[in-house]
Structure formats: structure tokens, C-alpha cells
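> Quick one: sequence and predicted model below, then my questions.
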Amino acid sequence: MTIHTKDGGTWKAATPYMKKNGTWTEPVQVWTKNAGIWKLSYQSDTTPPPVPSLTLTYVADRYLNVSVQASASDVPDLAKVRVLVSSSGFPATPNSSGFVTEADLTYPNETWSDLLYHQSSGGHGVTDTVVKEWPLNPGSTRALTGGATYYFSAFAQDQRGNWSAGNFKSFKAPDRTGPYLPPPLTTKVSEFLPKFSGSYYGTDALRWSGVYLYQGYWNAADGAQESLVGFDSTAIVNALKTSKTITKVELYMYCRQAYNNSTGMLLRYGFHDATALPGSIATLNRFGVLQNNLFHTADGHWIDITSMSTAVWKNGTAKGMFFQPNTFDRHYSGLFDGHTQTHPPRLRITYTV
């Protein structure tokens, strides 16, 4: 960066100086305020930043992983990381024409247009999975042709506009005609505690918040009671965002008391979409085919609710579960722990990524 001053009607390059402790010295940086924003207008240091790392990892018969990283600790004023790829050779500069820019990441406010890219942990970087064309993986926009050589290069740029030297790596895709083998799936289990829970009189008015979950008819004054529990649907959706298959969904409930313990009681449950505890359930949106599960007093166990629907958790439609007897039959009457009690409800989802 250069500062210019006007001398005799002509603009000339100039070096700024500042007086520090009685001595005139050249400043390291000069910043000017433009439209309320401070911008770097002069930098005395023109040393290029360090070369970023570039790693090619080939997993036989599966994929080529291309990763590049420039640590902010190595480049304190890091502005950009650029990755170029070509099938004809390495570029002379990061701005060479005829090369495909696989990643052009600004730091620290990068935005992604391709979801294959993400920021690596420990620094500013990018990781891209490139799928081979043996045969072409359906939906892939980055497939390697067997027998071809691919040339990858990585450059870092600082905020002064200086580019680093390039890091260059090549990869020759092996010839093969076998089927594409996708990366192996990993099974994960995520468990979620409730955000809220409540119990309601037969009149639909709130009776308890967070303490006990009543279901069924106990007496004429209370009527046929219902209850519900709500989970953080945003956290659930985020956890399942990259899931391939949801293999199991389970709900944990603890029955503190069954009205008739000798025969037990049937918990009757379905989905709801309330994001917070309603003061009344008169207009609560309930959905799903209701299911039953047998409980006894002091009985806590997991209920497999996979068959009801897995999509409602991934797309965020379901926010929790409601418990409704729809009858005065005391075989459906019981008392369960709410989310503030010793044995709160829990949601457990098993899925593959």
C-alpha cells in the first residue's frame, strides 16, 4: 500500500513518518476513517504471509479428501485462503487465468456458497470431499476421471493484499471400473431433555407446570386430565441435519403412580407443535396416530416411538409429546414425573451420518 501526496500539482508516492519520543520513524500501519469505517491505508511491511498447508488424502475406492489451512496465529492479518485446481498443471500465481477456483475464503467473515466446504478446527481452512467417477456418484459435481492427473494449489493473502507463495500437490486418479463405494456410515445417538412440561384439568386449563404430568380421570373435580412435554426442536433439527437415516426414536417416561397398580395403566401419547407451555390446551395442535404403553407405579422405561414417524423430528414439525386419555376409564389414569422432577422425560434418537 502506498500513500500519495500532491507536490506542485503532481501526485507522488510518499513515505509517512511519525514522531515518537522525539524521533521521526516510519509507522508500521496508517489507518484512515472513511464513511465511519476505519480502513488500512498504509503498511510498511510488505513481507508475504506464510504458505498455507495443503493435504491430499486418498481413501482407496472411496474418495479423495482435499484440505487446506492457514492458521490465524501464523498469519495475524489473514484475509483470504484460495484453492485452485486444474488438470493441466500448476498456476504461476493465485490470479492465473484458466484455473478453477475451488475455494476463495475470506477471513474472518467467510460465507459459503458450497456446503461441501467448512471451516476446519484450529485455524482458518477448508475441507472438500471429491468423489471419483467410477462410476460417477449420482449428484456429485466434483468427480475424478480415472487415469487423469489433478493439480491442486493453495495460497494465503494478508490484509495488505500480499499473496503467499503457493503450496502445490498433484494426484493421479487410479484406473478402475468397479462400483463406487460410499464412505461408511457412522451411528450416533443424541439425547434431549425437555424445555417445558405441564398438566391440565379436564377443562383444558393449566394445573401444574413442570412438576407432575397427570393423565386420566381421578375425580369429578379434576375431570379427564391431559399433559404434555416439550423439547428444543431447534437443537433436534440441528443434530439431525446431516443424518442419512433415523433408525430409532425413543421416549423415556417415569410413572410415579398408576391409579390401579395391579393392572397398571396405559399411557396414551401423540405429537404436538407447541414451542412453549400453553396456558390452555383448548387449541393445542395434536397430531399423529395415538399409541399406548403399559406402566406400573414406580416404573420408568423407554418407549420405542420410531413407527409413529421419524420425519417430524428431522423437519421440526414435532415439538414434543402430549398424553391424552380421551376416556374416563381409570385404566388410563396415572401420574408421571415432569421436567423438574427426579426422573424427567427424555427423547433419544439414533441415526446414521
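Sure thing, it's come through.
> just the helices in this protein please.
Here the chain has its helices, by DSSP state H, at 233-240, 311-314.
> most centrally placed residue in the protein?
Asn238 (5.4 Å; CA atoms, centre = their mean).
> Which one of the helices of the chain lies nearest to Leu277?
When the helices of the chain are compared by CB to CB, helix 233-240 sits nearest Leu277, at 14.2 Å. C-beta coordinates here come from the backbone N, C-alpha and C atoms, glycine included.
> and among the helices of the chain, the most buried is which?
Counting by mean count of other CB atoms under 10 Å, helix 311-314 has the highest mean neighbour count of the helices of the chain, with a mean of 18.
> quick revisit: including mean pLDDT and distance to Ala35, could the helices of the chain go into JSON lines?
As requested, the helices of the chain are arranged in JSON lines below (pLDDT from 0 to 100; distance: least, CB to CB, whole Å):
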{"stretch": "helix 233-240", "mean pLDDT": "94", "distance to Ala35": "37"}
{"stretch": "helix 311-314", "mean pLDDT": "94", "distance to Ala35": "45"}
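> What is the least confident helix or strand in the protein?
When the helices and strands of the chain are scored by mean pLDDT, DSSP states H and E, strand 124-132 comes last with a mean of 43.
> just to revisit the earlier point, will you turn the helices of the chain into JSON lines that also has distance to Leu213?
Shown next, in JSON lines, are the helices of the chain (distance: least, CB to CB, whole Å):
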{"stretch": "helix 233-240", "distance to Leu213": "19"}
{"stretch": "helix 311-314", "distance to Leu213": "20"}
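> Minimum distance to Pro184: which of the ones you listed has it?
helix 233-240 (19.1 Å).
> Tell me how far the closest one lies from the chain's centre.
Counting by CA atoms, centre = their mean, to the nearest Å, helix 233-240 is centred 9 Å from the centre of its parent chain.
> What residues of stretch 213-233 count as buried?
213-218, 222-233 (16 or more other CB atoms under 10 Å).
> cool, and stretch 267-287?
Quick answer for stretch 267-287 (16+ other CB under 10 Å): 267-274, 277-278, 281, 284, 286.
> For these, give me a markdown table that also has pLDDT.
What follows is the buried residues of stretch 267-287, written out as a markdown table (pLDDT from 0 to 100):
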| residue | pLDDT |
| --- | --- |
| Leu267 | 95 |
| Arg268 | 94 |
| Tyr269 | 95 |
| Gly270 | 95 |
| Phe271 | 96 |
| His272 | 96 |
| Asp273 | 95 |
| Ala274 | 96 |
| Leu277 | 95 |
| Pro278 | 95 |
| Ile281 | 93 |
| Leu284 | 92 |
| Arg286 | 92 |
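> Take these and keep only those in strands.
Members of these lying in strands (criterion: DSSP state E): 267-272, 286.
> Sketch out the low-pLDDT regions of this structure for me.
For the chain, applying pLDDT under 70 flags the ranges 1-4, 28, 40-45, 59-65, 70-77, 100-144, 175-183.
> Could you find the closest non-adjacent residue to Phe336?
Closest residue to Phe336 apart from its sequence neighbours, by CB to CB, 6 or more residues apart in numbering: Leu213 at 4.1 Å.
> What of Asn292?
Of all residues not flanking Asn292 in the chain, Leu266 sits nearest, at 4.4 Å (CB to CB, 6+ apart).
> Now do the same contact list for that neighbour.
Residues near Leu266 by CB atoms under 8 Å, 6 or more residues apart in numbering: 292-295, 331-332.
> thinking again about what came up before, and which of the ones in strands among the buried residues of stretch 267-287 is nearest to Ser190?
Distances from Ser190 to these, taken by CB to CB, are shortest for Phe271, at 18.2 Å.
> list the buried ones in the strand ranked longest in the chain?
In the chain, assigned by DSSP E, the strand with the most residues is strand 245-258. Judged by neighbour count using 16+ other CB under 10 Å, the buried positions of strand 245-258 are 246, 249-258.
> Find the pair from those residues with maximum spatial separation.
Farthest-apart pair in the buried residues of strand 245-258 is Ile246 and Gln257; separation 33.1 Å (CB to CB).
> Strands along the stretch 51-200 of the chain, start to end?
53-59, 63-70, 78-86, 100-106, 124-132, 143-144, 149-158, 167-172, 187-192, 194-200 (DSSP state E, counting those that start in this stretch).
> how close does Tyr214 get to Gly198?
Tyr214 sits 10 Å away from Gly198, going by CB to CB, to the nearest Å.
> Over to Trp31?
For Trp31, the distance to Gly198 (CB to CB) stands at 56 Å.
> Over to Val81?
50 Å.
> So in terms of bridging, what pairs with the spatially closest residue to Thr187 that is not a sequence neighbour?
The spatially closest residue to Thr187, leaving aside those adjacent along the chain, is Thr352, at 5.5 Å (CB to CB, 6+ apart). Partner residues in beta bridges with Thr352, using DSSP bridges, are Thr187, Thr245.
> No further queries at this time; thank you.
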